[in-house]
Structure formats: structure tokens, C-alpha cells
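A.B. asks: got a sequence here, can you model it:
(2 chains)
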Amino acid sequence: MAQILSVGVALPARVVANAELEARLGQPPGWVEERTGIRTRRQAADGELAYHLGAAAARQALERGGVSADELDAIVFSTMFCDYVSPGSGALVQRELGGSRPVPAFDVRDQCAGFVYALSLADALVRASRARRVLVVSAERQHENFLAYEPTVPVFGDAGAAVLVGPSEREGRGILAIDIGADGRGAEIAIAGCENVDVFAPENRHHPELARALAEAAVKPPLGPKLYFWSGAEIFRAAVGTMTKSTRAVLARVGAGLADVDWFLFHQANLHINQAVVRRLGLDPARCPSNIERYGNTTSASIPLLLAELEADGRLQPGQLLLLSTFGAGYAWGTAAVRW
Amino acid sequence: MRSFLAGVGTALPERVVTNAELETELGGSAGWVRDLLGIEERRAAAPGELGYHLGARAARVALADAGVEPAEVDLLIYHTNFADYSIPGSGVLVQRELGLRAGIPALDLRQQCAGFLYAWMAADAYLATETFRCALVVCGERLFANCLMYAPVAPIFGDAGAAVVLQGTTEDRGLLDVRAYTDGAGVEFGLVSSDHYDVLDPSRQVPREMVRAVEDWRRAPLRKRVAQRWDGSVIYKNAVARMSQATREILDAHGLKVGDVDWYLFHQANKGIVERVGHLLKLPADRVLTNLGPYGNTSSASIPLLLADARRRDQLRPGQLLLMCAFAVGYVWATALYRV
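C.D. replies: Residues are numbered from 1 along each chain as shown, chains lettered A, B, ... in the order given. The predicted model follows:
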């Protein structure tokens, strides 16, 4: 079995309050918090890229785990909006950490499910004895992208987080089970174009995944040159249904009930999604910590960010059962049961 | 448990772009592209034909070749160099296009030209631990149009899709070993900026790896607002040194001599790199497979394309030993040893 050995985080210094975004959107005070539950989010500085946040979080995870960069066997990097088209930023995290060996750096792109997908790959590498020390790094610099599309302006924040994964050091402790899944029938519900393909070109218009985005853009032109589409209501429905089902499936696999779980760490996409999951499963909200109020949706960094907070304030105790679950664009999702 | 190739498939766009066409556009004497790069022609995706379309077509062929129904696939790994969309990764689109089961994972990786071996390494860990039993690895590359705007790489890249079906076996065949490496010190010698962090905005701080690319862009702006840098001679030297070293390393680790390998499958970046590696390692030239002539550099699709063509020519026989090696910008690189 593989185990999470340590956690690290890195947050940009700048705090952006709702008032600033409400002014930009021409909305009254209180509008953002009511819709999303978010009060503030962090914004990366000029020149501060996702890989910088990721490397800072990774350094902290290494330090807390008492492991040097030279001892690493692999890095699994996850981000949603890449720093560069090519190469992936895993190589830049590797450069920043300065380890002496050229270890593999995987670059995972699975949107808000990125952390659990990356954790699953780290878990497989450790269990298959391909690696003993794997750093999972999730880093997101997304504020500019989402500022260019009205529905997402208030939602997203920047952050870096990392966990160190290695063989379980104590019997029964570690990653007990992971369910990762995808359903491309949801691809058009949350989509963003990129510089590689001109999505406005006539020849690309027949692509089914762009139909709704283009129809919306025809009525309401995007704020920037990029094409976005984001249907919050549909994501909400799919997220609640899938996270509920995936949570039950993973707990069934490890032979545990909902009442056995000490902490439910749900991806912080939207306060209302998590509240609906909590109601649907009949969970005690006190066991479902949240940090979306302060950081917004930090995409693949949100779950390790929660983990770091629970650890820092002493809520996380050895032997506790954790249930991590996330759902995002793609659709792609992931759920893990971890004995801390 | 080790993974073996249950099926291979490829898909090529119809349009053939000859050197003469490019030489007219780029200037230079007739024949220089073939003399310098070993490339005769390359394929270019049709308008509206995206990376995932090529990947999905190849995957259909691979599934038929393996005699596997789409419903039997329980893990999809998608790899591309230049993404179709910022969100989501195209793995979910391949899943939808092929009618794979909803709910299976779609892991999206970005490892540039080393993507196929990185993806195989990930699939192999999942199959070895019996987390999944039937993996579909799909490479969809649509690079030609993007690279065309940057003269130093315009004649190099071609579009292609390739896919393999991987399953587990306990027999003495299949993937004997796979090793992956990263050295981010190479990032600045081959990189492409994205529209997520606009390094060409004069008010922006330019990260150090992008400084030279931005200087180049200011001297000779590209048709799109991306900065690129491709230092051919530095990449050549590193590719030759690291591919030779990695090849020796994996041979030594298994007590093998160069003559014990039946076929060498090197990533087809250009003729010079492949020939130089062969020369340094004293490889018999007739055991080094190539496809640069007809396809150019198809990034992560090049090695599975070599596999497919070797099979079509009936060159692969049970018991034979294959050595695969790919080097890419980042730098990321990988080697693998396979028993047919």
C-alpha cells in the first residue's frame, strides 16, 4: 500500500476580495458570496507561474517529509491551464527542486480531478515498486483566464499544493482505494478553446463539443479572444450525482460506512455543490471542512490545500479515515479513501 | 504481471505535404529538407480534423487489431503535444467518440515527443498492480499547422494518430522494463508560450526560460501571438547524448549487448539524431527502424507508427527483443525494452 507522507502548500500573497470583482461585473455587494460562498481568493503575481507555486509547495512537502529532492523517484504534476504549450511544467518543477537525478516528471491534465488522478498514478507507481518517493504537485494559475469569461470571474483562485507519496510505513495506513472516472458526454458543458486550434474557424464549427459555446458567443461575445462555455447548473447536477455515487462505491470497496469517515474532503468548486452532497449523503457538516470562502475554486490544488489545513491545526489524527472526492470539467472525477 | 501489446493502430490524415511545397514557402535550395532532416513528406490534418479525431481513428484500428470491444477497455490514457482545447483534455473526447464505457478513467498526459513511453509506463504500473486490465493508450498529434508559423521547425513535424491496446500477462514476454527521465534545465532550448500567460505583453515579467524566445519574437514576430524557441544544435547534442546513455543503461541493466536487440525503435525527430545515436552505439543499421521519410516527426505517435509498420511488413516475430527510446523538449526522455 502507498501512503501520503507529507503535505505542502504555497499561496500567492495577493488577496482579492469580492468587492473588486463585483465592481468589474457591475453587480451589487454580496452578489458573489451569495452565489458561490466565496469571500476572497488569491491571485498570483506578475511572473509567478503555476510551476513556481507548485515548486514552492513541493519544497514544503519535501521538508515536512524529511526527504531531499535527491531522494525523489518521480514527480507527477497536475494543472488545468498550462504555463506553456510545450513543454509541460513538470520539467520546470523538476528544475526548480534541483534534484541530482533526472527522475520522470509526469504531466497530468484532468482539470479539477487532476489531483486524484495524479495521486492514483503515484499510488500505482509505488504499489508496482516502480518508485518509492513520488511527489504529487498540483498548481493552478488561472485568474487571467477566468477573468475573461463572466460566469467564471468570481469562482477561481490561484494556489499550489503538493503531497509526498511513498510505501506505507505502518500496517493498514495509507491509500486504501481510489476510483477515477470520466464521461466525455459532459465535454461541452465546460470547455475553453486554446491557441492551438482556432475554434472560431468555420471548419471547426461542426464539432459537437463547441456547439453550445459558439451559440452562446454569438449572443454574448466573450470578453477576450478565447472561447469559453460553462454551464454551472449542469455541472452542479452532474457533480452532486457523481460525487455521491463515487463516494459510496469507494467506501463499499474498503468495507466502511459513511459514519466511519472522520473527514470528507470535497473538491471546493462551489459551496452549494458540497452542501447538496452533504445533504444527499446525510453527512454531519462538521466533518466536511471547507475553505472555498477564503481561496475560491483552486481546481486541482483544492483537496491537498484542505489536507494541509487540517494537518496544520491538529484536526487530522493518525488512524483517521479520510474520504477525498472531486468532480470537474471533462467530465472527470476521482474519489479516494485514505487511512491517515 | 507485465503489459503486452494486444493491438496496434494508426491513422494518418489524407493530405500529403511535399518538401517542394514547403521549400517554396520557406526558401532555400531544392532538396535541402530531405538532405538535412531525412524527411520526404509529411501528413497534414484537414481543416476541422483535430488531434483527438486522429487519435480516435487510430484507437478503433487498435481495438479491432486486438479483438477487444470498446466496452472491455477499463483505462484510457490520452497523450498529445499540442492540446485541442485548454479545457478539457481530449481523452474524454476520445472516450465519447469511441463509445467507451462511461465512468472509465481518461488520464490526459503531456510529455511532448516522449509521450508514448511515458503513457505506457503509467499504463504498465496500473496493469502490473491489476488496478486495470485493459488499457487503451492513444496519441493524437496535430502539430503541422502550429509549427508552420515558425520557420526552424516548419518542415519537421507531421500529423498522425496512433494507439495501442495493452493487457497484462504473466508469460515471459511483453514490457520487460521502462525508464523515464526529466531534466528541466533544457526547457529554455525548446518551448512554446501559451495564451494563458502572455509573455509578449510588454507589461509582463518574462520568466527566465522564456527570455530568449521573447527576444526572438521581437526580432521576427510569428503569425500567432506565441513565442517559440527551438535551438536545434543544443537539442541535437542533448538528444544524442541522453538517448545513447539511456539505451546503454537499459541494456546493461539486463546484461544485454547491442546485438541482442532485434529492432531499435527511436523517436523519429530527425535523421541526424537517429543516425548519430546508431553510430555511437555501433548499432547494425538494418535493425534501426525509421519512418521519417514518409511522415516526418509525428511527436508521440512516431514509435507506435514504427511498431505498426514493422508488424505490417511482418518484421516482428515472437521472442524478438525491441528497444524503444524517445527524447523530447523539456527535456523528458524514456527507454523501454520489449519482448515480442
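A.B. asks: all helices for chain B, in order.
C.D. replies: B:19-26, B:32-37, B:51-66, B:91-98, B:115-128, B:144-147, B:211-219, B:232-253, B:271-280, B:292-295, B:302-312 (DSSP state H).
A.B. asks: hmm, who's touching the last one?
C.D. replies: Counting contacts by C-beta atoms under 8 Å, 6 or more residues apart in numbering or on different chains, the residues outside helix B:302-312 that touch it are B:5, B:8-10, B:58, B:113, B:116-117, B:139, B:160, B:162-164, B:263, B:265, B:267-268, B:289-291, B:295, B:298, B:316, B:324, B:326. Backbone N, C-alpha and C define where each C-beta goes, glycine included.
A.B. asks: measure how it sits relative to helix B:51-66, angle-wise.
C.D. replies: Counting by axes from the mean of the first three to the mean of the last three C-alpha atoms, to 10 degrees, helix B:302-312 lies at 30 degrees to helix B:51-66.
A.B. asks: report the angle between helix B:302-312 and helix B:115-128.
C.D. replies: Counting by the same axes, to 10 degrees, helix B:302-312 lies at 80 degrees to helix B:115-128.
A.B. asks: which parts of helix B:302-312 are buried?
C.D. replies: Buried residues in helix B:302-312, counted by 16 or more other C-beta atoms under 10 Å in any protein chain shown: B:302-310.
A.B. asks: and of those residues, the nearest to A:P221?
C.D. replies: If you rank the buried residues of helix B:302-312 by distance to A:P221 using C-beta to C-beta, B:S302 comes first, at 40.5 Å.
A.B. asks: chain A versus the residue lying closest to B:A246 once chain neighbours are set aside, what's the distance?
C.D. replies: In space, and not counting its chain neighbours, B:A246 is closest to B:T335: 4.5 Å by C-beta to C-beta, 6 or more residues apart in numbering or on different chains. B:T335 sits 11 Å away from chain A, going by C-beta to the nearest C-beta, to the nearest Å.
A.B. asks: ok, now B:G115?
C.D. replies: B:G115 is 9 Å from chain A, by C-beta to the nearest C-beta.
A.B. asks: which ones are touching the closest residue to that residue other than its chain neighbours?
C.D. replies: In space, B:G115 comes closest to B:S300 once its chain neighbours are excluded; the distance is 3.2 Å by C-beta to C-beta, 6+ apart. The contact partners of B:S300, by C-beta under 8 Å, 6+ apart, come to B:79-81, B:111-116, B:119, B:139, B:141, B:162, B:326.
A.B. asks: let's see that with 7 Å instead.
C.D. replies: Residues in contact with B:S300 (C-beta atoms under 7 Å, 6 or more residues apart in numbering or on different chains) are B:79, B:81, B:113, B:115-116, B:139, B:141.
A.B. asks: in strands only, show me the residues you listed.
C.D. replies: B:79, B:139, B:141 (DSSP state E).
A.B. asks: just put these in TSV and tack on pLDDT and neighbour count.
C.D. replies: Below are the ones in strands among the contacts of B:S300 laid out as TSV (pLDDT from 0 to 100; neighbours: other C-beta atoms under 10 Å in any protein chain shown):
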residue	pLDDT	neighbour count
B:H79	98	33
B:C139	98	32
B:E141	98	27
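A.B. asks: which of these lies closest to chain A?
C.D. replies: B:H79 (9.7 Å; C-beta to the nearest C-beta).
A.B. asks: pretty sure the closest one sits against B:C139.
C.D. replies: Yes: using C-beta atoms under 7 Å, B:H79 is in contact with B:C139, at 4.9 Å.
A.B. asks: what is the burial count for A:G328?
C.D. replies: A:G328 has 28 neighbouring residues, counting by other C-beta atoms under 10 Å in any protein chain shown.
A.B. asks: give me the pLDDT value at it.
C.D. replies: Per-residue confidence (pLDDT) for A:G328: 96.
A.B. asks: tell me the secondary structure for the residue nearest to it when sequence neighbours are not counted?
C.D. replies: Counting by C-beta to C-beta, 6+ apart, A:G328 lies nearest to A:C112, which is 2.5 Å off, once chain neighbours are set aside. At A:C112 the chain is in helix, as set by DSSP: H, G, I helix; E, B strand; the rest coil.
A.B. asks: now the common contact residues for B:H79 and B:C139.
C.D. replies: Joint contacts of B:H79 and B:C139 (C-beta under 7 Å, 6+ apart) are B:115-116, B:300.
A.B. asks: need those in CSV (columns: distance to A:R237 and pLDDT).
C.D. replies: Shown next, in CSV, are the shared contacts of B:H79 and B:C139 (distance: C-beta to C-beta, whole Å; pLDDT from 0 to 100):
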residue, distance to A:R237, pLDDT
B:G115, 34, 98
B:F116, 37, 98
B:S300, 35, 98
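A.B. asks: for B:R339, list each beta-bridge partner.
C.D. replies: B:G174, B:L321 (DSSP bridges).
A.B. asks: wait, it touches B:L176, no?
C.D. replies: Yes: counting by C-beta under 7 Å, B:L176 is a contact partner of B:R339 at 5.7 Å.
A.B. asks: and the gap between B:L100 and A:A332?
C.D. replies: Per C-beta to C-beta, to the nearest Å, B:L100 is found 13 Å from A:A332.
A.B. asks: these two: who's more crowded?
C.D. replies: A:A332 (33 against 28).
A.B. asks: is it correct that A:G224 is in contact with A:A148?
C.D. replies: Yes: with contact defined as C-beta under 7 Å, A:G224 and A:A148 form a contacting pair (3.6 Å).
A.B. asks: who's more crowded, these two?
C.D. replies: More crowded of A:G224 and A:A148, by other C-beta under 10 Å: A:A148, with 17 against 13.
A.B. asks: and the pLDDT at that one?
C.D. replies: A:A148 is given a pLDDT of 81.
A.B. asks: show me what contacts it?
C.D. replies: A:222-224, A:226.
A.B. asks: buried among those? Need that as a selection in PyMOL.
C.D. replies: Filtering the contacts of A:A148 down to the buried ones (16+ other C-beta under 10 Å) takes a single PyMOL command:
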select buried, chain A and resi 222+226
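A.B. asks: how about the contacts of A:A148, which pair is most distant?
C.D. replies: Of all pairs in those, the most separated under C-beta to C-beta is A:L223 and A:K226 at 9.0 Å.
A.B. asks: count of neighbours near B:L321?
C.D. replies: Residues near B:L321, counting by other C-beta under 10 Å, number 16.
A.B. asks: let's have the helices of chain B in a markdown table, adding distance to A:A259.
C.D. replies: What follows is the helices of chain B, written out as a markdown table (distance: least, C-beta to C-beta, whole Å):
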| stretch | distance to A:A259 |
| --- | --- |
| helix B:19-26 | 67 |
| helix B:32-37 | 65 |
| helix B:51-66 | 43 |
| helix B:91-98 | 34 |
| helix B:115-128 | 31 |
| helix B:144-147 | 53 |
| helix B:211-219 | 56 |
| helix B:232-253 | 50 |
| helix B:271-280 | 60 |
| helix B:292-295 | 58 |
| helix B:302-312 | 49 |
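A.B. asks: which bits of the stretch 1-150 of chain B sit near chain A?
C.D. replies: Residues of the stretch 1-150 of chain B lying close to chain A by C-beta under 7 Å from any C-beta of the partner chain are B:47-48, B:50, B:81-89, B:91-93, B:95-96, B:102-112, B:118, B:122, B:125-126, B:128-129, B:131, B:146.
A.B. asks: out of the residues you listed, which are buried?
C.D. replies: Counted by 16+ other C-beta under 10 Å, these give B:50, B:81-89, B:91-93, B:95-96, B:103-112, B:118, B:122, B:125-126, B:128-129, B:131, B:146 as buried.
A.B. asks: quick one: distance of stretch A:21-33 to the chain centre.
C.D. replies: Computed by C-alpha atoms, centre = their mean, to the nearest Å, the chain-centroid distance of stretch A:21-33 equals 25 Å.
A.B. asks: correction: the previous question concerned stretch B:11-31.
C.D. replies: Distance, stretch centre to chain centre, for stretch B:11-31: 21 Å (C-alpha atoms, centre = their mean).
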